[in-house]
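Novice: Based on what follows, work out the 3D shape:
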Amino acid sequence: MQPNQQANKNLGSGSNLKSGFVGTDPQKVKQEIRKDVSEGQGAMTSREAGAMRD
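Specialist: Okay, here's the model as predicted:
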């Protein structure tokens, strides 16, 4: 029973975390990612690259 309780606890904290990003502007984030990548601030992940498609 304990592993299920732990999983439920993780799901609860995940939903709280997600609600913090409601006010994020997707265009601004894309712009910041492009800027960071062009400056060599780390590699772009496949998830970031997929999000860039319009």
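
Novice: contacts, neighbours, all on C-alpha from now
Specialist: Fine.

Novice: For residue 52, which non-adjacent residue is closest in space?
Specialist: With sequence-adjacent residues excluded and distances taken as Cα to Cα, 6 or more residues apart in numbering, residue 52 is closest to residue 30, at 6.5 Å.

Novice: what comes up buried for the helix or strand that contains the one you found?
Specialist: Using DSSP states H and E, the secondary-structure element containing residue 30 is helix 26-38. Using 16 or more other Cα atoms under 10 Å as the test for burial, helix 26-38 gives 30, 33-34.

Novice: Check pLDDT for the residues you listed and point me to the minimum.
Specialist: Lowest pLDDT of the buried residues of helix 26-38: residue 33, 82.

Novice: and the gap between that residue and residue 53?
Specialist: Residue 33 sits 13 Å away from residue 53, going by Cα to Cα, to the nearest Å.

Novice: Now do the shared contacts for the two.
Specialist: In terms of Cα atoms under 8 Å, 6 or more residues apart in numbering, residue 33 and residue 53 are not both contacted by any residue.

Novice: Tell me where the model's unsure across this protein.
Specialist: 1-22, 41-42, 44, 54 (pLDDT under 70).

Novice: what's the following helix or strand after the helix holding residue 30?
Specialist: Sequence-wise, the next helix or strand downstream of helix 26-38 (DSSP H and E) is helix 46-52.

Novice: Name the residues that touch that next one?
Specialist: For helix 46-52, using Cα under 8 Å, 6+ apart, the contacting residues are residue 30.

Novice: For that helix, C-alpha coordinates in PDB please.
Specialist: C-alpha atoms of helix 46-52 as PDB (Å, rounded to 0.1, in the frame of the first residue of the first chain):
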ATOM      1  CA  SER A  46      14.300  17.500 -28.200                       C
ATOM      2  CA  ARG A  47      11.500  18.800 -26.000                       C
ATOM      3  CA  GLU A  48      12.500  22.400 -26.400                       C
ATOM      4  CA  ALA A  49      13.000  21.900 -30.100                       C
ATOM      5  CA  GLY A  50       9.600  20.400 -30.500                       C
ATOM      6  CA  ALA A  51       8.000  23.300 -28.600                       C
ATOM      7  CA  MET A  52       9.700  25.700 -31.100                       C
END
